[in-house]
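Participant: generate coordinates for the sequence data below:
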Amino acid sequence: MLPPIQQRREEIIEELVEVIVPSGKIQHTTKILGDLFFRERQEPTALGHGVAVPHVRTIHARDVTIGFGRTSHPVDWGAHDGIPIDLFFIMVTPKYDDKVYNKLWRKFASILILETTRERLRQAEEPGEILRIMREIE
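Facilitator: From the prediction side, this is the model:
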């Protein structure tokens, strides 16, 4: 039996995977989940300031795939700053794509730094707004 915090993390990761499956870029959902759970157990993927990015490089991804989710009930994710998480990005990339993977990490770091960006993500009402916010961060 998993500790409650780990069980909740995995439930959220399952929900986030459901967001990216329709992209058609995931070869084996169950294997992707296993890879993400293993990665999360190694070290929680909370970046701080209420943001977590469960991520994995895996042979089960056809291409870079990113999804977004948020909750009105922040979750303890084991963040170093102790702030519960309400903004979630999921990132699944092929094992071979280090350049894109590293570029995306810089973008997530920008989100972490800018309080105004995090607040805009919290207030966005439509998926298109999330995409616009992400595109503005270059």
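
Participant: any chance you could list what contacts the helix or strand bottoming out on mean pLDDT in the chain?
Facilitator: Sorting the helices and strands of the chain by mean pLDDT, DSSP states H and E puts helix 98-113 at the bottom, at a mean of 79. The contact list for helix 98-113 (CB atoms under 8 Å, 6 or more residues apart in numbering) reads 47-49, 51, 53, 57, 64, 66, 87, 89, 91, 93, 117-118, 121, 134, 137-138. From N, CA and C alone the C-beta is placed, and that goes for glycine too.

Participant: quick one: low-confidence parts of this protein?
Facilitator: Across the chain, the ranges flagged by pLDDT under 70 are 2, 97, 138.

Participant: what segments of this protein are helices?
Facilitator: 4-20, 29-42, 98-113, 115-123, 127-136 (DSSP state H).

Participant: mind putting the ones you listed in CSV, distance to residue 83 included?
Facilitator: What follows is the helices of the chain, written out as CSV (distance: least, CB to CB, whole Å):
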stretch, distance to residue 83
helix 4-20, 14
helix 29-42, 18
helix 98-113, 11
helix 115-123, 11
helix 127-136, 20
